[in-house]
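Asks: have a look at this prediction, sequence included:
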Amino acid sequence: MRDRLPSMKLSLTMTGLLLVTLLLFCADILFGGTPVEAADVVKALLGAGSPESEIIVMEFRLPRALTALIAGAALSVSGLLMQTLFRNPLAGPDVLGISSGAGLGVALTVLTLSPLFAFSADSPLQGWGMILAAWAGAGMVMVIIMAVSSRMRDIMTVLIVGLMLASAISAVVSLMQYFSNEAMLRTYVIWTMGNLGNISWQQLRALTIAALAGMILAFVMVKPLNAMLMGDTFSRTVGVRMKSTRVLLLAAASILAGSVTAFCGPLAFIGVAVPHVARLLFRTTDHRTLMPGTALCGAAILLASDLISTVPGGGHIIPVNTVTSLIGIPVVLWIILGKNAMGGRR
């Protein structure tokens with residue numbers, strides 16, 4: 001896996017992946033639960049369509065496709081950061097409890113504190129209440145996980161602690177759901193199913209700013225990430241400041257995962273599975289290639305999942321979480337079984 005593709009093949013692979021992502025993005029705008037002719041979609045994008053087609057395309061399909069593009073890239077890069085940081089192939093926002101922590105923040109906002117975050121649609125703070133709560137929840141879990149990892153050398157212990165934290169958070173959220181009213185409970189349950197289609201342009205701007213900040217921070221850390229692949233001793237030898245590097249990586253991962261979870265709900269397995277798809281596709285662990293490759297793979301896979309979830313022409317929408325789980329579970333099983341098989345051959 002460390003043998004990098006030749007430069008020509010690498011360029012062709014990256015270009016091909018970019019084209020696939022663009023095609024899926026266009027398809028996600030063209031197709032949806034409500035049939036609209038392709039010509040009408042193009043007219044609506046140009047501002048010359050009928051009022052009905054413009055509402056469908058500009059208020060639903062285009063924001064949905066942009067959300068899938070941003071969320072897929074952000075969650076995938078978040079998972080890549082955590083897998084490198086913890087040197088654990090199963091690390092990810094959902095497995096280590098990051099998504100659960102963000103979900104706890106959202107649950108507190110929706111189920112108990114919603115009147116405090118009831119900003120008007122014209123307010124510049126509209127859309128930021130949930131995202132701030134999700135950041136806080138995700139950051140809290142990441143700090144706990146990092147504190148445990150600094151004391152424990154066994155990475156499986158860290159994984160178990162993450163799973164236990166996720167279970168504890170789930171119990172707290174269940175208690176909050178029990179005492180909440182019907183309207184709040186319905187809002188939260190729908191959020192947990194994962195949804196890319198209920199995001200306004202104001203919220204999409206907030207998500208874009210947050211994801212861009214996390215992405216910039218992640219790409220700045222490419223060289224330290226490559227050094228960390230060789231172990232902490234080597235990293236210190238080449239001048240990497242481990243404590244500050246870990247803090248920055250945790251901040252980037254929390255911002256990316258927490259922001260997406262706040263607006264889209266917990267999207268299962270994207271953060272865990274996609275980095276492995278990118279490693280297989282590019283045959284490298286070099287983050288200079290792996291970082292943009294993972295972002296593109298994540299965007300393409302979530303766009304494809306969104307296309308499947310809308311069931312074009314059927315008038316039904318499947319929760320996108322269902323589709324991402326069906327895609328991600330086989331990848332995770334392949335990781336586990338492949339690792340065990342290698343261990344058996346030794």
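Replies: Happy to help now that I have it.

Asks: my guess is residue 135 meets residue 256, correct?
Replies: No: judged on CB atoms under 8 Å, residue 135 makes no contact with residue 256 at a distance of 10.2 Å. Using the backbone N, CA and C atoms, a C-beta is placed for each residue, glycine as well.

Asks: of those two, who's got more company?
Replies: With neighbours defined as other CB atoms under 10 Å, residue 135 and residue 256 compare such that residue 256 has more, 32 against 23.

Asks: in contact with that one, which residues?
Replies: 74-75, 77-78, 81, 211, 214-215, 218 (CB atoms under 8 Å, 6 or more residues apart in numbering).

Asks: quick one: secondary structure of it?
Replies: helix (DSSP: H, G, I helix; E, B strand; the rest coil).

Asks: can you tell me the element residue 92 falls in?
Replies: For residue 92, there is no host helix or strand (DSSP states H and E).

Asks: isn't it up against residue 85?
Replies: No: if you go by CB under 8 Å, residue 92 and residue 85 don't touch, sitting 11.4 Å apart.

Asks: show me which of those two is the more surrounded one.
Replies: Neighbour count, other CB under 10 Å: between residue 92 and residue 85, residue 92 has more, with 33 against 22.

Asks: contacts only, for the more buried one.
Replies: By CB under 8 Å, 6+ apart, the neighbours of residue 92 are 78-79, 82-83, 98, 269, 271-272.

Asks: what's in contact with stretch 229-239?
Replies: By CB under 8 Å, 6+ apart, stretch 229-239 touches 84, 224, 227-228, 242, 245, 285.

Asks: for that stretch, what is the distance to the chain centroid?
Replies: Centroid separation for stretch 229-239 versus its chain: 28 Å, with CA atoms, centre = their mean, to the nearest Å.

Asks: tell me the mean pLDDT over that stretch?
Replies: For stretch 229-239, mean pLDDT is 82.

Asks: in that stretch, what counts as buried?
Replies: Within stretch 229-239, the residues that count as buried by 16 or more other CB atoms under 10 Å are residue 235.

Asks: ends of that stretch, how far apart?
Replies: Start-to-end span of stretch 229-239 (CA to CA, to the nearest Å) is 14 Å.

Asks: and the contacts of residue 92, which is closest to residue 40?
Replies: Proximity of these to residue 40 (CB to CB) peaks at residue 269, which lies at 35.0 Å.

Asks: can you give me every residue that contacts the closest one?
Replies: Each residue near residue 269 by CB under 8 Å, 6+ apart is listed here: 92, 94, 324-325, 327-329, 331-332.
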